[in-house]
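Undergrad: give me a model of this one.
(one chain, ligands or ions: 2)
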Amino acid sequence: MSSSSDVKSVLASAPGKVLIAGGYLVLDRAFQGFVIGTSSRFYSAVQEGASARTICVRSPQFEKAVWRYDLIEKEGEVALVPRVSEGENKFVQICLTCCLSVVFSAPTKRAAEVAIQKGLDIQVFGDNDFYSQREQLKSLQLPLTVKSLEQLPHFCPTKSTLGNVHKTGLGSSAALITSLVASVLVYFNVTSTKDLSAHEDRILVHNTAQLVHCLAQGKIGSGFDVSAAVWGSHTYRRFSPNVLEAAMEDPTNTEVVIRTIAPSNSSWDNEVTSFQLPPSHYLMLADIDAGSHTPTLVSKVLAWRKANPQVAENLWQDLSKSNAALADALIELQKLAVDDAMEYEAAIEACRRQPASKWTHLVEADSENASLKSMARVHERSQNSRRLIREMSELAGVPIEPPEQTRLLDACLNVAGVVMCGVPGAGGFDAIYCIVLSNEAMSEVQNLWAAWKELSVGPLLSREDSAGVTIELDSNIPRST
Ligand SMILES: Nc1ncnc2c1ncn2[C@@H]1O[C@H](COP(=O)(O)OP(=O)(O)OP(=O)(O)O)[C@@H](O)[C@H]1O
Ligand SMILES: C[C@@](O)(CCOP(=O)(O)O)CC(=O)O
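TA: Ligands and ions are numbered 1, 2, ... in the order given. Here you go, the predicted structure:
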């Protein structure tokens, strides 16, 4: 038996994320974030190693992206020693170190100690959307379009190194860590179910991934990205940062780490509430090549908030109410689609033919259609949230939705069947999202992006996928050379 259970290999995958409302607010437990999981996923595959007591991690998409670790006995525990010649990947190393602490503290530790003697072969790879494919398309002399992206192989190898690849903001590190934690814990039979169907299993993966991600990033963010990788689309209220304080201060203290990540640790006060887009609402994403540095935007906004507490509190409260009202309208639509499917479909058909700015006329013409009223409310409320984000931009002097992005987003809204759009997460020049009602609207928006001159707008293939981390057992995982 290769591992400490009857599985020969475990392939875990976790979705990327799009924070469609609640950026900055979600850093404070008083407020929520609304996050959508993406169809683009990050994969971690674990199988028996080729060399005893060695862990080899490869990222086949990137040249020379291989990291090897020797396993040694240290103070009665198994420790990871990186082979310095291979370069380092602190996200992978911290993840494996933490996971092995969990594995060798679990009831199945004896079997794991036997299994680990054979070493591990791990591959990690992300769907193409996690990384800009602009260079690949350029080298193939292909235009920056969806059609071109669809011609690229999955997990398209890139000439870029991990250190200089342009990431697109889908949360590659959060999805990497969540999938790697899940695959290792399932491989060593630590979880009670192999498909993570038991709630406490998913909690264990979540808590471990949150700690690892904060240790690797060197800060405690809101954690919405790891939460999305674990749970998919949902409404998120962050955990109190003090949950991780002790483990962040001394990550080598196995007892503290195990106590921190335990599913029984009631200090974890994060809240996950089901939320996903209503039927016939499709997510579109684009990567803007002018890039922003999220930590800089965040530090500037928080510094302004600290320096202007009253003005900021009023703005945070207004934005929170607007975001909650938007979510309520989307949830109401979800319910109406079930309660009166025919009326819902009629509303969708009517709204597909008009730009959202005209939907109030549709409501006047058919005031009995509750779905129509709700769709108009979704649009109005999303626009109100954008207005408040622009107010935050101007007051804090931070380009969260800068004028160049406003012009692009407003142009998208002129397309019939576009419900709402915005800058996701911290905003800036990283990305935009649109939510549309039809393939026609999708095509027209893609054409608009391809023709846009003021900014370079690179479409992504991702759609919404509300599933969180998933597991495949004993799938045929090729050993990368
Ligand atoms: N395919 C991969 N193989 C190995 N490590 C990866 C891979 N993709 C990402 N990583 C790890 O994740 C790190 C990026 O994490 P960082 O926190 O800087 O970005 P991020 O916020 O997750 O980025 P984005 O949200 O744009 O994806 C990389 O430095 C690398 O260590
Ligand atoms: C600004 C912030 O609230 C969201 C950042 O979102 P993104 O990484 O830009 O998608 C920071 C955080 O929640 O960690």
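Undergrad: tally of neighbours for the one residue in the stretch 251-400 of the chain that gets nearest to ligand 1?
TA: Scanning the stretch 251-400 of the chain for the residue nearest ligand 1 gives residue 294, at 7.0 Å (criterion: CB to the nearest ligand atom). Just so you know, the C-beta spots here come from the backbone N, C-alpha and C atoms, and that holds for glycine as well. Using other CB atoms under 10 Å, residue 294 has 16 neighbouring residues.
Undergrad: can you pull out the strands in the chain?
TA: 9-21, 33-48, 54-58, 66-74, 77-82, 120-126, 234-237, 271-274, 282-288, 418-422, 431-436, 457-459, 470-473 (DSSP state E).
Undergrad: out of those, flag the one nearest ligand 1.
TA: strand 120-126 (4.7 Å).
Undergrad: who does that closest one touch, helix- and strand-wise?
TA: Counting contacts by 3 or more CB pairs under 8 Å, 6 or more residues apart in numbering; DSSP states H and E, strand 120-126 is packed against strand 33-48, strand 54-58, helix 172-187.
Undergrad: any idea which of the ones you listed is most buried?
TA: Mean neighbours per residue, mean count of other CB atoms under 10 Å, is largest over the helices and strands packed on strand 120-126 for helix 172-187, with a mean of 29.
Undergrad: for the protein, which spans come out with low pLDDT?
TA: Within the chain, the ranges that satisfy pLDDT under 70 run 1-6, 85-86, 477-481.
Undergrad: next up, the contacts around the residue of it at minimum distance from ligand 2.
TA: Using CB to the nearest ligand atom, residue 425 is the residue of the chain that sits closest to ligand 2, at 2.3 Å. Contacts here follow CB atoms under 8 Å, 6 or more residues apart in numbering; on that basis residue 425 touches 18-19, 23, 169, 294, 431.
Undergrad: farthest pair in these?
TA: Within those, 18 and 294 form the most distant pair, 13.9 Å apart (CB to CB).
Undergrad: can you list the residues of the protein near ligand 2?
TA: The chain has residues 19, 23-24, 26-27, 169, 221-222, 224, 294, 298, 424-426 near ligand 2, with proximity defined as CB under 6 Å from any ligand atom.
Undergrad: do that again at 5 Å, thanks
TA: For the chain, the residues in contact with ligand 2 (CB under 5 Å from any ligand atom) are 19, 23-24, 26, 221-222, 294, 298, 425-426.
Undergrad: select from the residues you listed the one having the most neighbours.
TA: Across the residues of the chain next to ligand 2, the neighbour count under other CB under 10 Å reaches its highest value at residue 425, namely 29 neighbours.
Undergrad: circling back to that earlier point, what's the closest of the strands of the chain to residue 263?
TA: strand 271-274 (13.8 Å).
Undergrad: run through who's touching the closest one.
TA: Under the contact criterion CB under 8 Å, 6+ apart, strand 271-274 has outside partners 32, 227, 231, 234-237.
Undergrad: what residues does the stretch 1-150 of the chain have near ligand 1?
TA: Residues of the stretch 1-150 of the chain lying near ligand 1 (CB under 5 Å from any ligand atom): 59, 89, 91, 124, 126.
Undergrad: now the nearest residue to the third one once chain neighbours are set aside: how far from residue 296?
TA: Nearest-residue entry for residue 91: residue 216, 4.4 Å, with adjacent residues in sequence omitted and distances by CB to CB, 6 or more residues apart in numbering. Summarising the geometry, the distance separating residue 216 from residue 296, computed by CB to CB, to the nearest Å, is 19 Å.
Undergrad: ok, residue 284 next?
TA: Taking CB to CB, one finds residue 284 at 27 Å from residue 296.
Undergrad: more neighbours, the two?
TA: residue 284 (23 against 12).
Undergrad: list the contacts for the more buried one?
TA: Listed by CB under 8 Å, 6+ apart, the contact partners of residue 284 are 433-436, 442, 445-446, 459.
Undergrad: tabulate those in CSV, adding columns for distance to ligand 1 and neighbour count.
TA: Supplementary listing: the contacts of residue 284 in CSV, determined by distance: CB to the nearest ligand atom, whole Å; neighbours: other CB atoms under 10 Å:
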residue, distance to ligand 1, neighbour count
433, 14, 22
434, 19, 24
435, 20, 23
436, 23, 25
442, 23, 20
445, 22, 23
446, 22, 18
459, 16, 21
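Undergrad: show me how the protein divides into domains.
TA: 9-142+154-275, 290-455 (automatic domain parsing).
Undergrad: any chance you could map the helices in the stretch 251-400 of the chain?
TA: Using DSSP state H, counting those that start in this stretch, the helices of the stretch 251-400 of the chain run over 254-261, 294-307, 309-339, 341-352, 359-365, 370-396.
Undergrad: most tightly packed of these?
TA: Most buried among these, counting by mean count of other CB under 10 Å: helix 370-396, with a mean of 21.
Undergrad: other SSEs contacting that one?
TA: If contacts are counted by 3+ CB pairs under 8 Å, 6+ apart, helix 370-396 sits against helix 294-307, helix 309-339, helix 341-352, helix 359-365, strand 418-422.
Undergrad: for residue 82, list each beta-bridge partner.
TA: residue 69 (DSSP bridges).
Undergrad: residue 176 versus that one, what's the distance?
TA: Distance from residue 82 to residue 176, by CB to CB: 17 Å.
Undergrad: try residue 309
TA: 37 Å.
Undergrad: do residue 114 as well
TA: 28 Å.
Undergrad: one more: residue 215?
TA: Per CB to CB, residue 215 is found 14 Å from residue 176.
Undergrad: can you check residue 37 too?
TA: 15 Å.
Undergrad: one more: residue 342?
TA: Note on residue 342: its distance to residue 176, by CB to CB, is 44 Å.
Undergrad: hmm, residue 88 and the residue nearest to residue 91 touching each other?
TA: No. If you go by CB atoms under 8 Å, residue 216 and residue 88 don't touch, sitting 11.2 Å apart.
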